[in-house]
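K.L.:
I'd like to go over a predicted model; first the sequence, then the structure.
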Amino acid sequence: MRKILKKPEVLAPAGTLEKLKTAIRYGADAVYIGGNMYGLRSRAGNFTYDEMREGVAFAKKHHAHVYVAANMVAHEGDVAGAGDFFRTLRDIGIRAVIVSDPALIEICAMEAPGLPIHLSTQASAANYETLNFWKNEGLERVVLAREVGMAEIKEIRENTDVEIEAFVHGAMCISYSGRCTLSNHMSSRDANRGGCSQSCRWKYGLFEMDEFGERTSLLGGEPEEAFSMSAVDMSMIRHIPDFVENGVDSLKIEGRMKSIHYVSTVSNVYRQVVDAYCEDPDHFEFKQEWEDELWKVAQRELATGFYYGTPDEKQQLFGARRKIPVYTFIGQVLDYDETTQIATIQQRNNFGIGDEVEFYGRGFTHVQQTVDALWDEEDEPIERAAHAMMTVKMKVDVPVKPFDMMRKRK
Amino acid sequence: MIELIATAESVDQAKALVDAGIHTLYIGEDTFGLRLPTSFSREDIQEITQYAHAQQKYVCVAVNAIMHNDRIKKVQDYLAFLENIGVDAITVGDPGVIHLLQKNQMTLPYIYDAQTLVTSANQINFWAKRGATGAVLARELTYEELTLIGEQATVPVEMLVYGATCIHQSKRPVVGNYFNFIENEKPEEKQLYLSEPKKPESHYPIYEDINGTHIFASNDINLMPFLDQLAESGLKRWKLDGLFTRGDQFVEIARLFVEAADMIDKGMWTAEKMEALNAQLVALHPTERGLDEGFFLKDPADVK
């Protein structure tokens, strides 16, 4: 029986230390985080050096890696202190940095030798000679542009041996990443330094104009549809075999701003599918429940981007939106007593008696339960777990385990 | 000495621009170059190069597209052609092309041009160490930043003083997708514009070509009023982009910049002269398009 030993890495986003630990617990082989400087998510949770140390120690224990994104496109003055920054990351045990600006690549290579560099998708690497260029520069890995198709990946793999990372899940730029300054011009915020205001998702007028500036609107549709460039999100969950067979080294999940609910769910599903395929590729069958699980944390429609052709209008958000059922993250299991069937839970959102809830856990376990008995920490019966982060006890008929998550449909 | 670079939309216009005193023509084929007023055939590129060289002028060819595998294969033959006909330089934005130049030991000089990404002297110097003979600056830079870059870059830098600024490139056909959604025919010949929801008066040009969809700033750049400042800061490679200013008007505007550069070089530039040339420029500029100084007067702290 064929078995794939060199599995691609499942790489998850981690905006905070808690998300880092969650992603790794839920199966991520590696996580990427932001430092306090040089990143592209100025508003995402970013890590202090101490938090990085704790994250790296946790990752080590679980044989996982931590990467730091430092993928801003620097202006004059922005790179001050970058040498110290990279040296500190290296000494903390960060496994690699994700960089797009050659100025930062050079500083990192010169001042923090031994710290591997991955080229960010911001650099829009889309052909094998570009990967060969960066390989010769000493980079360990290149994150491909999101415009690269699956057939192109195959050809890239055949023509370079630098590591390849490709996006498999999450929100996408409608532009070539890095080649969009809509925010700079429309909102005075630098898209390439963490200030993207998602101007592509706005609703625009579309018109032609004569030489006197007289306009004729070209908007149409019934009801009238504004012009927009909002991309649906990516999900490649049904196509993991293609990535594995084409030698992609790392499967990247987008979303450093996303919740712990998202990070745990998406990591869990991709872990399942990668393992299932690599275990027995010749008898692999896709299970609908994997995709169904991803819909529980989806914010937009899901599609395959450029992997199998140029995205048409169905991969943009036009018209009336289909309502995607929203699930709320309501708690995390701290403990479970099998004799009493009582779970101890840390509340994350209001829930109470009568709610239909779902527990999910590492290894893709699921338990459905109606809340029929609930107690507070003093073992006093309560109707609802109403206070943020309160510890509650709850009857669960089937065993659950610590770090299982609890969600309910809104 | 100030060097003026101008795009060309036809062999005739290219010749007229050379005759008007432009130092370097910027032309190319849209399979490999981004947002050019026209996609020239190889015969035309050769003819323009011969004409320019006969007048001791230069030709720079745009090879600055983001290349996918198909293009990186095709570009080798194009590079060989360009080297063979002796063009003076190419612009390059994709490191894959630089890899090919190195691998094939080509002598074709290249100017680094990754558009929005070229924002610091450190970055430019990285490419200079890898053979770049110049760099094209991003349009989202302020005067303060431009000056610092001019001082610290080890190769000459080039900046836009007149014309269109691209602010978005998507590989998706977003205009076609919209018309497909509303089930209307996409108008093929007309220039289309976008307006911002909160600024209905804005008019961002948008079009699709072989490289995807391109959106441009609402107004074109005009730095005529600040040319002396640029020269004093050592920023002396000025590009004129004729994407939205066609035909003779563009040649006439180029002539104004030739005159301005000449006077600045000779120390004869005055406020009155600037006002006069600027007034002519404004009159020649397409009436439906605005003009402004882009990010030039902004404080670097204004855009973060």
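P.N.:
Nice, thanks for sending it over. What you see is a predicted model, and the numbers here were worked out from it, not measured in a lab. Numbering: from 1, shown residues only, chains lettered A, B, ... in the order given.

K.L.:
could you check how far A:Ser264 is from B:Gln46?
P.N.:
A:Ser264 sits 61 Å away from B:Gln46, going by CB to CB, to the nearest Å. Placement of C-beta: from N, CA and C, glycine included.

K.L.:
what do you get for A:Glu291?
P.N.:
55 Å.

K.L.:
how about B:Ala16?
P.N.:
B:Ala16 is 18 Å from B:Gln46, by CB to CB.

K.L.:
and for A:Pro13?
P.N.:
Separation of A:Pro13 from B:Gln46 (CB to CB) stands at 51 Å.

K.L.:
ok, B:Asp262 next?
P.N.:
Separation of B:Asp262 from B:Gln46 (CB to CB): 30 Å.

K.L.:
of those two, who's got more company?
P.N.:
B:Gln46 (18 against 15; other CB atoms under 10 Å in any protein chain shown).

K.L.:
now do the buried residues in the helix or strand hosting the more buried one.
P.N.:
Using DSSP states H and E, B:Gln46 falls within helix B:42-54. The neighbour-count check on helix B:42-54 (16 or more other CB atoms under 10 Å in any protein chain shown) flags B:Asp44, B:Ile45, B:Gln46, B:Glu47, B:Ile48, B:Thr49, B:Tyr51, B:Ala52, B:His53 as buried.

K.L.:
buried set for the strand ranked longest in chain B?
P.N.:
Longest strand in chain B, counting residues (DSSP state E): strand B:199-209. By 16+ other CB under 10 Å, the buried positions in strand B:199-209 come out as B:Ser202, B:His203, B:Tyr204, B:Pro205, B:Ile206, B:Glu208.

K.L.:
the third one reaches B:His214, doesn't it?
P.N.:
No - here B:Tyr204 does not reach B:His214: they are 10.3 Å apart, not a contact under CB atoms under 8 Å.

K.L.:
ok and the residue in the stretch 251-400 of chain A nearest chain B?
P.N.:
Residue of the stretch 251-400 of chain A nearest chain B, by CB to the nearest CB: A:Glu313 (4.0 Å).

K.L.:
next, count neighbours for that residue.
P.N.:
A:Glu313 has 19 nearby residues by other CB under 10 Å.

K.L.:
got it, and B:Leu291?
P.N.:
Other residues close to B:Leu291 by other CB under 10 Å number 18.

K.L.:
ok, A:Glu356 next?
P.N.:
Neighbours of A:Glu356 (other CB under 10 Å): 11.

K.L.:
any idea how far the spatially closest residue to A:Glu111 that is not a sequence neighbour lies from chain B?
P.N.:
Counting by CB to CB, 6 or more residues apart in numbering or on different chains, the nearest residue to A:Glu111 once its immediate chain neighbours are dropped is A:Gly83, at 3.5 Å. The gap separating A:Gly83 from chain B is 12 Å, by CB to the nearest CB, to the nearest Å.

K.L.:
could you verify that A:Gly83 is part of a helix?
P.N.:
Yes - assessed by DSSP: H, G, I helix; E, B strand; the rest coil, A:Gly83 belongs to a helix.

K.L.:
okay, now the unreliable bits of chain B?
P.N.:
For chain B, no stretch has pLDDT under 70.

K.L.:
now the strands for it?
P.N.:
According to DSSP E, the strands that chain B contains are B:3-7, B:24-28, B:58-63, B:89-92, B:110-112, B:132-136, B:157-163, B:166-170, B:192-196, B:199-209, B:212-216, B:219-222, B:237-240, B:290-292.

K.L.:
residues in contact with the residue nearest in space to the middle of chain B?
P.N.:
Nearest residue to the geometric centre of chain B (CA atoms, centre = their mean): B:Asp241, 5.2 Å. Residues near B:Asp241 by CB atoms under 8 Å, 6 or more residues apart in numbering or on different chains: B:Thr7, B:Leu160, B:Tyr162, B:Gly163, B:Ala164.
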